[in-house]
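*Asks:* Would you be able to build a 3D model of this:
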Amino acid sequence: QVQLVESGGGLVQAGESLRLSCGAPGRTYTMGWFRQAPGKERVFVAAIRRDNSAYYTDSVKGRFTISRDNAKNMVILQMNNLQPEDTGVYYCAAGQRIIQSSLRSASAYDYWGQGTQVTVSS
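*Replies:* Next up, the predicted model:
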C-alpha cells in the first residue's frame, strides 16, 4: 500500500513563499499536486511525470515549480509569490501510466496524501 505524506504548509502573507514536500513511492510514478479551497472541488495545480516533464495550471505558471529529489524519493512544490487565491488544502497524489491528457484529472491518480493547509493572507 502506497502512503503519501505531505509537509510544508503554513500561513504566509501575499508575496511570500512556501515549499511543500511529499514522499514519492518511486521514480515510475507520476506525481501531482492538487488544491481544495473550502466549499470547492479539488483542482489541479502541478504534475511531474517519470521523464521529469512538468505541467502547471495557468494561474501558477511562473510562480510554482514542481521537481523531484530522487535521492530522497521526494517531490517538491516550490511556491513563490503566493497570493490569497492560492489558499487551500494541498494534496499530493501519485499514479502510474497516466496519459498526458489526464494529468489534470484527480480521478487519474491512485494514491493521495492527507493534505497540508496553505493559507495566504492579503
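*Asks:* Now the residue nearest to the spatial centre of the chain: closest residue in space, sequence neighbours ignored.
*Replies:* Closest to where the C-alpha atoms of the chain average out (C-alpha atoms, centre = their mean) is W33, at 2.1 Å. Spatial nearest neighbour of W33, excluding adjacent residues (C-beta to C-beta, 6 or more residues apart in numbering): V45 at 4.4 Å. Any C-beta I mention is one placed from the backbone N, CA and C, and that applies to glycine too.
*Asks:* Let me know whether the one you found touches T65 as I believe.
*Replies:* No - between V45 and T65 there is no contact, the gap being 11.4 Å when judged by C-beta atoms under 8 Å.
*Asks:* related to what we said a few turns ago, what separation do you get for the residue nearest to W33 and Q1?
*Replies:* 25 Å (C-beta to C-beta, to the nearest Å).
*Asks:* who's more crowded, these two?
*Replies:* Shown here are V45 and Q1; by other C-beta atoms under 10 Å, V45 has more neighbours (24 against 4).
*Asks:* helices and strands around the lowest-mean-pLDDT helix or strand in the chain, which ones?
*Replies:* With mean pLDDT, DSSP states H and E as the measure, the helix or strand of the chain carrying the lowest mean pLDDT is strand 6-7 (a mean of 94). Using 3 or more C-beta pairs under 8 Å, 6 or more residues apart in numbering; DSSP states H and E as the contact definition, the elements that strand 6-7 packs against are strand 18-23, strand 88-95.
*Asks:* quick one: strands adjacent to that strand?
*Replies:* Using DSSP bridges, the strands paired with strand 6-7 are strand 18-23 (antiparallel).
*Asks:* Can you give the contact residues for the very next helix or strand once past the partner strand?
*Replies:* From strand 18-23 onward toward the C-terminus, using DSSP states H and E, the following helix or strand is strand 30-36. Residues outside strand 30-36 that contact it (C-beta atoms under 8 Å, 6 or more residues apart in numbering): 20, 22, 24, 42-50, 66, 68, 75, 77, 86, 88-96, 98, 103, 106, 109, 115, 118.
*Asks:* can you redo the helices and strands packed on strand 6-7 as TSV with mean pLDDT, mean neighbour count and distance to P38?
*Replies:* Compiled in TSV, the helices and strands packed on strand 6-7 are given as follows (pLDDT from 0 to 100; neighbours: other C-beta atoms under 10 Å; distance: least, C-beta to C-beta, whole Å):
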stretch	mean pLDDT	mean neighbour count	distance to P38
strand 18-23	96	20	19
strand 88-95	97	23	8
